[in-house]
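# structure for the following, please:
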Amino acid sequence: MTRQASDPYTMFRAWFAEAVEREPRVPNAMQLSTVGSDGRPTCRTVLLKTFDERGLVFFTNHNSRKGAQLVACPDVALLFHWKSLERQVHVEGRVQPVSAEESDAYFATRDRGSQLGAWASRQSAVREPGSLEKAVEETARRFGEGVIPRPPFWGGYLVVPARWEFWQGKPDRLHERRIMERSDGVWLSHCIDP
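Okay, here's the model as predicted:
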């Protein structure tokens, strides 16, 4: 039976807060699945940096393999797995770049080493062993002690969800699965069998 539900952000906010308190390592880690222009899927771990009613935001190098795939096909899936809570959240939606201002604001909060690494890394490019460390050293000399601006090839993406699944592990594999899907501007919710 389908019924109207409160928005999924309320449920996600509560689950995420509990994960921050109880998940021992990196509660904001999420698996990002993309599809390239060749139609082949791939998956990797990225970090959720913020979320609100617009969607979920992560940051990366636009020139990376994932960046190219996000351009080729903006449809993505995210998966949070909080093993200690026996919970998963699966999100399907479309990705879009965040504003330059939002990317700048987040980049300014990163530690200096991460800022240097963003400039030095040609993410997904073939590189000789040890050359990344040399590139970081060269980048550090380039910027000296000054402010490090955000690289133009680095920034944030917003995942705008169309479907959420909240999965709660239960004994005897009688897991609870709650689906929330957007229909005509309203979030509809239903439970499905595990």
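# what are the buried residues along stretch 36-51?
36, 46, 48, 50, 51 (16 or more other C-beta atoms under 10 Å). Every residue, glycine included, has its C-beta placed from N, CA and C.
# check contacts around the residue nearest to residue 86 when sequence neighbours are not counted.
Of all residues beyond its chain neighbours, the one nearest residue 86 is residue 169 (3.1 Å), with distances taken as C-beta to C-beta, 6 or more residues apart in numbering. Each residue near residue 169 by C-beta atoms under 8 Å, 6 or more residues apart in numbering is listed here: 86, 87, 175.
# which SSE is immediately downstream of the longest strand seen in the chain?
In the chain, assigned by DSSP state E, the strand with the most residues is strand 154-168. Once the chain leaves strand 154-168, the next helix or strand it forms, by DSSP states H and E, is strand 176-183.
# that following strand packs against which elements?
helix 8-22, strand 154-168, strand 186-192 (3 or more C-beta pairs under 8 Å, 6 or more residues apart in numbering; DSSP states H and E).
# note down every partner strand of the shortest one and its orientation.
Read that as strand 186-192. strand 3-4 (antiparallel), strand 176-183 (antiparallel) (DSSP bridges).
# quick one, that strand and helix 8-22 angle?
Interaxial angle, strand 186-192 versus helix 8-22 (axes from the mean of the first three to the mean of the last three C-alpha atoms, to 10 degrees): 60 degrees.
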